[in-house]
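Undergrad: sequence unknown, structure follows:
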């Protein structure tokens with residue numbers, strides 16, 4: 001059960017993506033602080049791969065824990081592949097949110113009251129009626 005707690009502490013905080021944005025899990029900032037304390041031991045995916053593989057060995061001797069052994073083995077393989085590709089765990093840093101200026105969000109006020117016709121219908125001049 002201590003191994004399960006250790007795996008949960010390592011796995012719950014999400015890593016920051018290299019591209020795009022990452023949604024932080026609920027309460028992740030507290031566990032991120034714990035993971036950051038251990039430094040390279042928890043950031044390096046080679047260390048995580050070895051740790052998961054080592055935790056899978058004792059669980060493999062009992063039939064009742066074979067599913068957990070398989071899961072830890074798969075996780076170890078995934079971490080090893082990620083480590084070979086040069087990935088590592090990095091914390092999600094909170095950026096101060098910039099408030100948009102009102103002048104930047106409203107470019108030009110609407111010229112007609114709602115309901116407005118489609119944009120292409122407004123730009124065409126009215127057709128003249130010949131008689």
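TA: Done, it's in. Because the structure is predicted, anything quoted here is derived from the model rather than measured.
Undergrad: which outside residues touch the host helix or strand of residue 8?
TA: Counting by DSSP states H and E, the element that carries residue 8 is helix 2-11. The set of residues that contact helix 2-11 without belonging to it, under CB atoms under 8 Å, 6 or more residues apart in numbering, is 31, 34, 35, 42, 48, 51, 52, 55, 59, 72. Quick note: C-beta positions are derived from backbone N, CA and C, even for glycine.
Undergrad: center of this protein, which residue is that?
TA: Most central in the chain under CA atoms, centre = their mean is residue 22, positioned 3.3 Å from the mean C-alpha point.
Undergrad: the host helix or strand of residue 49 vs helix 2-11, what angle?
TA: In this structure, residue 49 is located in helix 45-59 according to DSSP H and E. Taking axes from the mean of the first three to the mean of the last three CA atoms, to 10 degrees, one finds that helix 45-59 is oriented at 160 degrees with respect to helix 2-11.
Undergrad: next helix or strand past helix 45-59?
TA: Next element after helix 45-59 (DSSP H and E): helix 66-84.
Undergrad: tilt between that following helix and helix 2-11?
TA: Computed by the same axes, to 10 degrees, the angle between helix 66-84 and helix 2-11 is 40 degrees.
Undergrad: can you give me the offset of helix 66-84 from its chain's centre?
TA: Relative to the chain's own centre, helix 66-84 is displaced by 20 Å; criterion: CA atoms, centre = their mean, to the nearest Å.
Undergrad: residue contacts, residue 72?
TA: For residue 72, the set of contacting residues under the criterion of CB under 8 Å, 6+ apart consists of 7, 52, 53, 55, 56, 59.
Undergrad: let's see it at 10 Å
TA: Residues touching residue 72, when contacts are defined by CB atoms under 10 Å, 6 or more residues apart in numbering, comprise 3, 7, 51, 52, 53, 54, 55, 56, 57, 59, 60, 65.
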